[in-house]
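> coords please:
(4 chains)
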2 protein chains.
Amino acid sequence: MNALFKALNDPTRRAILEMLRERPCTAGEIADAFQFSKPTISHHLDLLRQADLVASEKQGQFVLYTLNMTVMDELLGWLLQFKS
Amino acid sequence: MNALFKALNDPTRRAILEMLRERPCTAGEIADAFQFSKPTISHHLDLLRQADLVASEKQGQFVLYTLNMTVMDELLGWLLQFKS
DNA sequence: TAGTTATTTAGGCAAATGTCTAAATACATT
DNA sequence: AATGTATTTAGACATTTGCCTAAATAACTA
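Down below sits the predicted model:
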């Protein structure tokens, strides 16, 4: 839960999630979509992976990142606890 | 949205929200429920107020804090965007 | 008006965060 | 094997965060 909220607490990381909502993307594609350096984006992707919000898969020389929504269900459950 | 995620990115602040889910509490009651100093809790309450997650109302010499769920709906909406 | 209780503000400090550049690693191509 | 492309790791640096103590403010009570 901690890693999840930590990962979500950054506009760039949230934008990455929204980008991956459309389709899986390589690290390079993601980096190109932002004005930060590749290492910076790589670090953001690492935090998203730690929170289990994304999964990464090596495909040749590329690394493909995909959204993993299962952990968001946990957040959804936490949220709904307040709606009763 | 930034202030919201920032406010939620702390276990103490999330615990305060869960506490207020039961009933409104004064600043002192909230501070007593944790092992941190009163100024520290006051600061956490300030961040929760900035995110519009709680509202505060002066009642005599006490300050009563109440949960404000409307902003969580925004988060819920953001979350559900991924579920489709 | 003093004194007591409740809460916030101010200021300081160590740790965490987000960024960068430079270097390392991994794979592909020639 | 050497070079090029994709990505991550390492290390540095400024800013932000979360905590503290001390002091300030606000509101009761005697």
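
> and the worst-scoring helix or strand of chain A on mean pLDDT, what other elements does it pack with?
Within chain A, confidence by mean pLDDT, DSSP states H and E is lowest for helix A:70-80 among all helices and strands, at a mean of 95. Packing partners of helix A:70-80 (3 or more C-beta pairs under 8 Å, 6 or more residues apart in numbering or on different chains; DSSP states H and E): helix A:2-8, helix B:70-80. For glycine as for every other residue, the C-beta is placed from the backbone atoms N, C-alpha and C.

> Let me see the ranges of the strands in chain A.
Assigned by DSSP state E, chain A shows strands spanning A:25-26, A:54-59, A:62-67.

> Contacts for the least confident helix or strand of chain A next, please.
Helix A:70-80 is contacted by residues A:1, A:4, A:51-53, B:72, B:75-76, B:79, B:82-83 when judged by C-beta atoms under 8 Å, 6 or more residues apart in numbering or on different chains.

> One more pass at 7 Å, please.
Identification of contacts with helix A:70-80 by C-beta atoms under 7 Å, 6 or more residues apart in numbering or on different chains yields A:1, A:4, A:51-53, B:72, B:75-76, B:79, B:82.

> and those residues, which are buried?
Buried residues within these, counting neighbours by 16 or more other C-beta atoms under 10 Å in any protein chain shown: A:4, A:51, A:53, B:72, B:75-76, B:79.

> residue nearest the centroid of chain A?
Centroid check for chain A by C-alpha atoms, centre = their mean gives A:Leu48 as the closest residue, at 4.1 Å.

> and chain A, which of its residues are near DNA strand C?
Proximity of chain A to DNA strand C, by C-beta under 7 Å from any atom of the strand, involves residues A:6, A:9-10, A:12, A:35-37, A:39-40, A:43-44, A:47, A:58, A:60-61.

> right, is stretch A:41-49 up against chain B?
No: if you take C-beta under 7 Å from any C-beta of the partner chain as the test, stretch A:41-49 misses chain B, and the best it gets is 11.9 Å.

> coming back round to it: name the stretch among the helices and strands packed on helix A:70-80 that sits most buried.
helix A:2-8 (a mean of 19; mean count of other C-beta atoms under 10 Å in any protein chain shown).

> check whether it contacts DNA strand D.
No: Helix A:2-8 is not in contact with DNA strand D by C-beta under 7 Å from any atom of the strand; minimum separation 9.3 Å.

> That helix packs against which elements?
With contacts taken as 3 or more C-beta pairs under 7 Å, 6 or more residues apart in numbering or on different chains; DSSP states H and E, helix A:2-8 sits against helix A:38-50, helix A:70-80.

> how about A:Ser3, what does it touch?
Actually, residue A:3 is Ala. It isn't Ser. Going by C-beta under 7 Å, 6+ apart, A:Ala3 touches A:50-51.
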